[in-house]
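S.K.: Below are the sequence and a predicted model for it; my questions follow.
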Amino acid sequence: MKGLTLLANVRGVAADVLSSDEIMRLLVVRAVEAADMTPVLHTLQVAHFPTPIKGSLRGGYGLSVGLILVESHVFIHTWPESNYMRFELSSCREFKESKVLETLKVILGKDITIDYMLIPWEKQE
């Protein structure tokens, strides 16, 4: 079995976008569609968590969004106070990362910066 994992650091996203359950849900679903994968929709979850500042959990609040796919999973973690999010899409089949990255830009804004790695993997028999 072979697959790909897309890891992306996304900077310059508006804090209100990164704090929005609705926008982050939309982003996950649209990214899965762009990758032509199959979501297991009842597994879509959004969790709010405190972000640490100087070792204390008194900072702002970010989101973690996850969705299980028939082909694997997608996760987003946000840090609104830093205008930053982490995106991970893993699949047991190949996909076009350019379509997924374009979807991120369309939903999050054309002025964002995306640094990413596409990591191929293979299960050893």
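M.R.: All right, it came through fine.

S.K.: Go through this structure and flag its longest helix.
M.R.: Taking residue count as the measure and DSSP state H as the definition, the longest helix of the chain comes out as helix 21-34.

S.K.: by contact count, what packs against that one?
M.R.: Other elements packing on helix 21-34 under the criterion 3 or more C-beta pairs under 8 Å, 6 or more residues apart in numbering; DSSP states H and E are strand 45-50, strand 61-68, strand 72-79, strand 84-91, helix 97-108. Where C-beta positions appear, they are placed from N, C-alpha and C, glycine not excepted.

S.K.: And these: which comes nearest residue 37?
M.R.: Nearest to residue 37 among the helices and strands packed on helix 21-34 is strand 84-91; the distance by C-beta to C-beta comes to 6.2 Å.

S.K.: Could you name the helices and strands sitting against the closest one?
M.R.: Based on contacts counted as 3+ C-beta pairs under 8 Å, 6+ apart, the elements that strand 84-91 packs against are strand 2-11, helix 21-34, strand 72-79.

S.K.: The closest residue to residue 91 other than its chain neighbours - how many residues pack around it?
M.R.: Using C-beta to C-beta, 6 or more residues apart in numbering and skipping the chain neighbours, the partner closest in space to residue 91 is residue 71 (4.4 Å). If you count neighbours by other C-beta atoms under 10 Å, residue 71 ends up with 20.

S.K.: what's the answer for residue 1, then?
M.R.: The number of residues packed around residue 1, counting by other C-beta under 10 Å, is 9.

S.K.: just checking, it touches residue 123?
M.R.: Yes. In this structure, residue 1 sits in contact with residue 123. The criterion is C-beta atoms under 8 Å, and the distance is 4.3 Å.

S.K.: Isn't residue 112 up against residue 11?
M.R.: Yes. Checked against C-beta under 8 Å, the pair residue 112 and residue 11 is within contact range at 6.7 Å.

S.K.: Of these two, which one has the most company?
M.R.: residue 112 (17 against 12).

S.K.: Pull up the per-residue confidence for the residue nearest to the more buried one when sequence neighbours are not counted.
M.R.: Once flanking residues are discounted, residue 112 sits nearest to residue 12: 4.7 Å by C-beta to C-beta, 6+ apart. Listed pLDDT for residue 12 reads 98.

S.K.: That'll do, ta.
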